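[1] Got a predicted model here, sequence first, then my questions.
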Amino acid sequence: MSVIRSILTGVGSYLPDRILTNAEMAELVDTSDEWIQARTGIKQRHIAAQGELTSDLALAAAREALTDAGLEGRDLDLIIVATATPDQTFPATATKVQAALGMTTGAAFDLQAVCSGFIFALATANSFIRTQQAKRVLLIGAETFSRILDWEDRSTCVLFGDGAGAMVFEAGEGEGSNEDKGILATHLRSDGRQHDLLYVDGGPSSTQTTGHLRMNGPGVFRHAITNITEAVNSSLDETGLNAADIDWFVPHQANQRILDGTAKKLGISTDRIISTVGLHGNTSAASVPLAYAVARADGRIKDGDLVLMEAMGGGFTWGSALVRV
Ligand code: ACO
């Protein structure tokens, strides 16, 4: 049976030049390199320069992904930017990227699911492609979380960083089997009752300010592994695949302990985990495509590999995607 598949044809990434180490962090708040590494695995993070906006990061990653796919902006039908740190309340950061890429047709919009944003965007792109509403979609996860951190709160400011990752998906044909290239399954979840464990204490409608990130770290940690495992198992069940079939596990990069705990619970060996949290910190919606780009560039992820992506974030939101690349 011939089916339409969303096939990954290009990848790109961008990290701001400025690196903030744990040692420098210890000069800002009462913390230490030892504490941060032991609790999170994070060694450093990148911070956007003054005046460098989420759209700038997004555009740099997008240009690289388009070049990788051999496409130009005008070839696209749709751009989705997953971000919780847009340039402005409106219009969408995606429309700024659209204009900068010279794309004058199609549509562009932002998607807000915080750290899960890229997985939500990927599932959305897959729906557009499979229902033949779009043939070529550019997905971007881009964040400047440094702008919404409380730099006096050591329990949160040490965790996050800035960056962007992008992927191009194009419609292609498959046989409807798990050997097909492309997105094989996605599974999305949310639970608004968990709002108070991770949120920003501002917004246009509530305070008319941007606000700062607030988090109950242990509370988030308690839900993370259970939720992520559930979303992954739903995608595996849908396809009949199992953990042993997965070549690479590309998780949201929140905390090395969450990555290891999730892989263990799923039965995925540690040498199959792509981990960039040590060098990037948690870049929210950018983390999955950034991690993928690193492993693709260094040759670990190869054509034909089965890649499992997952994320969890504020809301709570969480989800998974199985992609044969
Ligand atoms: N440096 C030194 N000490 C610190 C720091 C810091 N940066 N931050 C907190 N502490 C102290 C606390 O004050 C506390 O001190 P006390 O015992 O004297 O009260 C002690 O360390 C332990 O604090 P906990 O919050 O219990 O530490 P925990 O082991 O839970 O680690 C962490 C905290 C790293 C935030 C962990 O809970 C975590 O990773 N949670 C998941 C959160 C997350 O990843 N969020 C990202 C967004 S959601 C997502 O992406 C999945």
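    Sure thing, it's come through. From a predicted model like this one, the values you see are computed outputs, not experimental measurements.

[2] quick one: the helices in this structure?
    Using DSSP state H, the helices of the chain run over residues 22-28, 33-40, 54-69, 93-100, 117-130, 154-157, 217-239, 256-266, 277-280, 287-297.

[3] ok, and for the longest one, which residues are buried?
    Judged by neighbour count (16 or more other C-beta atoms under 10 Å), helix 217-239 contains these buried residues: 220-221, 223-225, 227-229, 231-236. Every C-beta, even on glycine, is put in place using the N, C-alpha and C of the backbone.

[4] And the residue of the chain closest to the ligand?
    Gly217 (2.8 Å; C-beta to the nearest ligand atom).

[5] what number of residues lie near the nearest residue to that residue once chain neighbours are set aside?
    Ranked by C-beta to C-beta, 6 or more residues apart in numbering and with sequence neighbours excluded, the top spatial neighbour of Gly217 is Ser155, at 5.9 Å. As a burial measure, Ser155 scores 15 neighbours (other C-beta atoms under 10 Å).

[6] swap in Lys43?
    Neighbours around Lys43, by other C-beta under 10 Å: 17.

[7] For it, give me its contacts.
    21-22, 33, 36-37, 278-279 (C-beta atoms under 8 Å, 6 or more residues apart in numbering).

[8] one more time with 6 Å, if that's ok
    Residues near Lys43 by C-beta atoms under 6 Å, 6 or more residues apart in numbering: Gly278.

[9] and what of Arg130?
    Neighbours of Arg130 in contact, by C-beta under 6 Å, 6+ apart: Ile4.

[10] mind running it again at 7 Å?
    4, 6 (C-beta atoms under 7 Å, 6 or more residues apart in numbering).

[11] what does the stretch 201-325 of the chain have sitting close to the ligand?
    215, 217-218, 220-221, 224, 252, 254-255, 282, 312-313 (C-beta under 6 Å from any ligand atom).

[12] which of those sit farthest apart?
    Using C-beta to C-beta, those span at most 18.1 Å, a distance reached by Pro218 and His252.
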